[in-house]
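Student: can't give you the sequence, but here's the structure:
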């Protein structure tokens, strides 16, 4: 009886909502309704942005979205008997419906995400009762120096030494590679094999390789599963070094829930991605991945759908053994493994605290390569695992996985939104049947509501228009990759993302050309808009609306020119601010010092006292106490620059590690204290609001358009100069 009553109530609510969104009103009524709801949402956001008022505001916004969908479906599609209008018009309609679907899934996932969990470090339990842990560090082609930092940081984790083992899983030194037909490749693999064996031994880690490179990263880790025995498995990417409290913050949850298979933590990055670096927003604005790790994973966690992200995670061996190890059908073995285990009734959990620090791709081309792999892998999961029909999943989990996989179809709607105005401006195709007034009443209110809802959901973690920019800069090159995996879902292969790169000189990205072509096409469409308004005044309302749409696309395309204009930068990583007492040793002299900031390669040190004459490339030593053990350490350094002050000076130095302890000291300096990463993230979070965020974006877009065109002009001059030199050389040769 109770269930029947609940169903009746929901049926009545649904009937009322349907009646509301289909209620016929004139344009003026719709405009007043839209403006009223926009103002109401803004007022609620100012007064009560959280709790039940947040949900009420989102419900108001949903009503406007549904009214737009109803109007768009019933009143705006071109006639079917006009295929030149109907086909592009219907594609635009599908793109909009995809956006509405993704908004609906986002609302389900993150309307009320779980709050961050409190720290577990203080109540980890008796140390003799802790589970055994195997730490996997899979590697393929990463440098030994990078691996040394990760291994040293992993060995320094606060956990009984006899309870955990660190494994270096080398897929670059397999027997297959060492015995390759190409002698040069075989020799490189042999040298790598010997070097990493020695590195692992020096740092008290286990080295493991295998016969053949089969099933990429998943196969590498499954090989390690077969040769290890720990109750829990920790996975760190080669460039993901953990803080000391990684295990104490994560392992305790497995005792609480015997069906828990995963504890995932966020990925924090020491360096900006290419978008952040080229736009210079890394210190000022939350990183792109913070929206996923700061909001979406907490929303997924609410529905027991937080998934494995390939690194910075702890997994239960018993759960992995149930499925034969890590899944390997797709090239995103992490999410696929989580999906399979969720389907078998296992649970997952997300800890929203950065406990590792890693590196992002530095070049735009590497960034696109990484995102292409993610997109193709998630669409392989959609094709081969199909979450809506996956046996064992609960309905909320199905919706969560659909949200995560369908997201990667965004290149299709983004491309359609980009070219749709051009169909009207260049070819006079009416793909959207509406007047200027109807557009103002329905579409404009829908767009404003959508922006407000996005700001409600992600305000502190993603500023206005930044998501659109990231999707646009990826769309150009992801679209072919997405089409490829749809046509041939088994074709993509796992490719390691390049890390620890640097760009010595400012230049245009090698894949920048399409962005400039699109920009100039959109710019030409602006002049076509003005021409049509002047020569066709009877259609000026529609032309101005479409022209404004094209102008917005032009602003986005102009900002993207700055993204593909790569800024020169010697260092691959940003420095992290610290404050550590130290002593600076140069020759026989020793001086008091403070380590002010550090990176994985070097540090900036303030030295006090009457310093001797210092020159570039002079060797010295930094002496300091380690973070937790308070052990005295000495780290050799190479002076790179020096600035003298009245009470001493500032030294920029590069580490020169030569023994295992030196790598441990480097890891201690930058990776030991996870609180510094949390503080850095919090320092750049803050919701600027829709209005100020929009102003900031448009101001940034204007400058980046100018910067991109300057880079293009310089590149053209350089190319012209090179061609002239080549011509003179050819003449002299003749």
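Tutor: Received, thanks. All of these numbers come straight from a predicted model, not from anything done at the bench.
Student: How about residue 327: what's its closest non-neighbour residue?
Tutor: residue 336 (4.1 Å; CB to CB, 6 or more residues apart in numbering). Heads up, the C-betas are built off the backbone N, CA and C, glycines and all.
Student: element containing the one you found?
Tutor: helix 333-343 (DSSP states H and E).
Student: So what touches the next helix or strand after that helix?
Tutor: Downstream of helix 333-343, the next assigned helix or strand under DSSP H and E is strand 347-350. Contact partners of strand 347-350, identified using CB atoms under 8 Å, 6 or more residues apart in numbering, comprise 114, 253, 257, 259-265, 297-298, 300-301, 304-308, 338, 341-342.
Student: and residue 662, how many neighbours?
Tutor: 18 (other CB atoms under 10 Å).
Student: Can you say which helix or strand has residue 633 in it?
Tutor: Using DSSP H and E, residue 633 falls in strand 632-645.
Student: cool, residue 714 as well?
Tutor: helix 690-733.
Student: rewinding a little: relative to the whole chain's centre, how far out is the strand holding residue 633?
Tutor: Centre-to-centre, strand 632-645 and its host chain are 34 Å apart (CA atoms, centre = their mean, to the nearest Å).
Student: what angle separates the helix or strand just after that strand from strand 632-645?
Tutor: Next in sequence after strand 632-645, counting helices and strands by DSSP H and E, comes strand 648-655. With axes from the mean of the first three to the mean of the last three CA atoms, to 10 degrees applied, the angle from strand 648-655 to strand 632-645 works out at 130 degrees.
Student: which other helices and strands contact strand 648-655?
Tutor: Applying 3 or more CB pairs under 8 Å, 6 or more residues apart in numbering; DSSP states H and E, we find strand 648-655 packed against strand 602-608, strand 619-625, strand 632-645.
Student: and of those, who's closest to residue 696?
Tutor: strand 602-608 (29.7 Å; CB to CB).
Student: Note down every partner strand of the helix or strand harbouring residue 314 and its orientation.
Tutor: Taking DSSP H and E as the definition, one finds residue 314 inside strand 313-316. Sheet pairing for strand 313-316, assigned by DSSP bridges, gives strand 232-235 (antiparallel), strand 260-264 (antiparallel).
Student: Tell me the helices and strands packed up against the next helix or strand after it.
Tutor: Note on strand 313-316: by DSSP H and E, the next helix or strand toward the C-terminus is helix 317-322. Under the contact definition 3+ CB pairs under 8 Å, 6+ apart, helix 317-322 sits against helix 216-226, strand 232-235, strand 260-264, helix 333-343.
Student: what about the strands in the stretch 151-300 of the chain?
Tutor: Secondary structure of the stretch 151-300 of the chain (DSSP state E, counting those that start in this stretch): strands at 164-170, 206-208, 232-235, 241-242, 260-264, 268-269.
Student: Mind putting the ones you listed into JSON lines with mean pLDDT and distance to residue 155?
Tutor: Listed next are those as JSON lines, based on pLDDT from 0 to 100; distance: least, CB to CB, whole Å:
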{"stretch": "strand 164-170", "mean pLDDT": "96", "distance to residue 155": "6"}
{"stretch": "strand 206-208", "mean pLDDT": "96", "distance to residue 155": "11"}
{"stretch": "strand 232-235", "mean pLDDT": "97", "distance to residue 155": "12"}
{"stretch": "strand 241-242", "mean pLDDT": "95", "distance to residue 155": "10"}
{"stretch": "strand 260-264", "mean pLDDT": "97", "distance to residue 155": "20"}
{"stretch": "strand 268-269", "mean pLDDT": "93", "distance to residue 155": "20"}
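Student: Just say which of the ones you listed is most tucked in.
Tutor: The highest mean neighbour count among the strands of the stretch 151-300 of the chain, using mean count of other CB atoms under 10 Å, belongs to strand 241-242: a mean of 30.
Student: What are the structural domain limits within the chain?
Tutor: 130-361, 576-681 (automatic domain parsing).
Student: Would you format those as JSON lines with distance to residue 27 included?
Tutor: Formatted as JSON lines, the domains of the chain follow (distance: least, CB to CB, whole Å):
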{"stretch": "domain 130-361", "distance to residue 27": "36"}
{"stretch": "domain 576-681", "distance to residue 27": "46"}
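Student: Need the residue closest to the centroid of the protein.
Tutor: residue 289 (3.5 Å; CA atoms, centre = their mean).
Student: In contact with that one, which residues?
Tutor: Taking CB under 8 Å, 6+ apart as the test, what residue 289 contacts is 266, 267, 269.
Student: Report the beta-bridge partner residues of the nearest residue to residue 154 once chain neighbours are set aside.
Tutor: Closest residue to residue 154 apart from its sequence neighbours, by CB to CB, 6+ apart: residue 166 at 4.7 Å. Beta-bridge partners recorded for residue 166 (DSSP bridges): residue 135.
Student: thought residue 166 was touching residue 207?
Tutor: No - applying CB atoms under 8 Å, one finds residue 166 not in contact with residue 207, separated by 10.2 Å.
Student: any weak-confidence spans in this structure?
Tutor: Low-confidence segments of the chain, defined by pLDDT under 70: 1-7, 9-10, 12-14, 16-17, 20, 122, 494-502, 570-574, 720-734.
Student: how about stretch 437-455: buried residues?
Tutor: Residues of stretch 437-455 classed as buried: 438-446, 448-455 (neighbour count, 16 or more other CB atoms under 10 Å).
Student: That one: end-to-end distance?
Tutor: 27 Å (CA to CA, to the nearest Å).
Student: Can you tell me what sits against that stretch?
Tutor: In contact with stretch 437-455 (CB under 8 Å, 6+ apart) are residues 27-28, 30-31, 33-35, 37-38, 41-42, 45, 57-58, 60-61, 64-65, 67-68, 71-72, 75, 103, 107, 434, 462, 464, 467, 541-542, 545, 687, 689-690, 693.
Student: from the chain's centre, how far out does it sit?
Tutor: 27 Å.
Student: Check stretch 97-109 too.
Tutor: 20 Å.
Student: Could you do stretch 197-207 as well?
Tutor: 32 Å.
Student: just checking, what packs against the helix holding residue 336?
Tutor: helix 216-226, strand 260-264, helix 317-322, strand 347-350, helix 364-384, helix 395-406.
Student: Deepest in the core, which of these is it.
Tutor: Compared across the helices and strands packed on helix 333-343, strand 260-264 shows the largest average neighbour count, a mean of 25 (mean count of other CB under 10 Å).
Student: ok, residues contacting that one?
Tutor: Residues contacting strand 260-264 (CB under 8 Å, 6+ apart): 250-251, 253-254, 297, 306-309, 312-316, 319-320, 338, 341, 346-351.
Student: Now do it against helix 333-343, angle only.
Tutor: 150 degrees.
Student: Off-centre distance for strand 260-264?
Tutor: On CA atoms, centre = their mean, the centre of strand 260-264 falls 21 Å from the chain's centre.
Student: And for stretch 28-42?
Tutor: 35 Å.
Student: Kindly report the same for stretch 376-391.
Tutor: 21 Å.
Student: how long is that stretch end to end?
Tutor: Termini of stretch 376-391 sit 23 Å apart (CA to CA).
Student: Of all the helices and strands packed on helix 333-343, which one is nearest residue 613?
Tutor: Closest among those, once you apply CB to CB, is helix 364-384, at 41.7 Å.
Student: helices or strands up against that closest one?
Tutor: By 3+ CB pairs under 8 Å, 6+ apart, helix 364-384 packs against helix 274-279, helix 333-343, helix 395-406, helix 466-487.
Student: any chance of those in TSV, plus distance to residue 520?
Tutor: Shown next, in TSV, are these (distance: least, CB to CB, whole Å):
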stretch	distance to residue 520
helix 274-279	20
helix 333-343	39
helix 395-406	33
helix 466-487	14
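Student: so which of those helices comes closest to residue 593?
Tutor: helix 274-279 (29.8 Å).
Student: buried set for the closest one?
Tutor: 274, 275, 276, 277, 278, 279.
Student: now do stretch 289-299
Tutor: So for stretch 289-299, counting by 16+ other CB under 10 Å, buried means 289, 290, 291, 292, 293, 294, 295, 296, 297, 298, 299.
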